[in-house]
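Colleague: One predicted model, sequence on top.
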Amino acid sequence: MRPERQDGTGGGGLLVPMDWMYAEYIADDLLRTGDLMEPSTLEYRAGRDALALTIFLSDGSVADALPAARLDELRLLTAYGATWCGWVRERLGPPHAAPVGGTAGADPDLALARAAWRWLEETELLAADLDAIAPPPWEPAGEEPDAEEAAQVWTPAWQLGLPLGHLAIHLH
């Protein structure tokens, strides 16, 4: 989908980031359908941004319903791991690179995608520490007053958003 001009003159108008907005719409729809998280939370935003980035960068927004082949592709792309980060960085390119056939900053879709990626990378959310080793359930645990806080760590937002998006795709 090519960006449209708001003023209708075909030149010098405001570019509307239709591709990014559509990717966000699809991501939001998938997360709301899955009913995994309250839409007002930062975790929900992380999931929506991670999914929107994946949809936007995977070449090929599809109008209306997502076909099964597209859902399979999104499942593979959002499978948890460090490969997703590298894939996103490679697709976004250098932060100040000019898009093909244009000047730097001329693509509002790419600018919004880069802003979402910056937020996902730079924002840390408090989450359960899945790597923490807990005593076996049959052994009495010495309860510490801050045991719940000790089992939490600050993690980049994408590390919470990516599995949330992946689960939403599975539930669709």
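Modeller: Great, that's in hand.

Colleague: can you give me the strands in the chain?
Modeller: For the chain, the strands defined by DSSP state E occupy 4-5, 15-16, 124-128, 152-156.

Colleague: I'd like those strands laid out as CSV, including mean pLDDT, distance to L167 and mean neighbour count.
Modeller: (Glycine included, C-beta is placed from N, CA and C.) Output for the strands of the chain, formatted as CSV (pLDDT from 0 to 100; distance: least, CB to CB, whole Å; neighbours: other CB atoms under 10 Å):
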stretch, mean pLDDT, distance to L167, mean neighbour count
strand 4-5, 48, 34, 14
strand 15-16, 82, 31, 16
strand 124-128, 86, 15, 14
strand 152-156, 88, 17, 15
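
Colleague: want to throw those strands into TSV with distance to L51?
Modeller: Formatted as TSV, those follow (distance: least, CB to CB, whole Å):
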stretch	distance to L51
strand 4-5	24
strand 15-16	21
strand 124-128	16
strand 152-156	16
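
Colleague: For Y80, which of these is the nearest?
Modeller: strand 152-156 (12.4 Å; CB to CB).

Colleague: Of all the strands of the chain, which one is nearest A113?
Modeller: strand 15-16 (14.0 Å).

Colleague: looking at the strands of the chain, which is closest to F56?
Modeller: For the strands of the chain, the distance to F56 is smallest for strand 15-16, at 14.8 Å, taking CB to CB.

Colleague: Show me what the closest one is packed up against.
Modeller: Contacts defined by 3 or more CB pairs under 8 Å, 6 or more residues apart in numbering; DSSP states H and E place strand 15-16 against strand 4-5.

Colleague: Tally up the residues packed near T33, please.
Modeller: 11 (other CB atoms under 10 Å).

Colleague: try D107
Modeller: D107, neighbours per other CB under 10 Å, totals 21.

Colleague: How much space separates I169 from L120?
Modeller: The spacing between I169 and L120, counted by CB to CB, to the nearest Å, is 17 Å.

Colleague: Could you do D35 as well?
Modeller: D35 sits 22 Å away from L120 when distances are taken as CB to CB.
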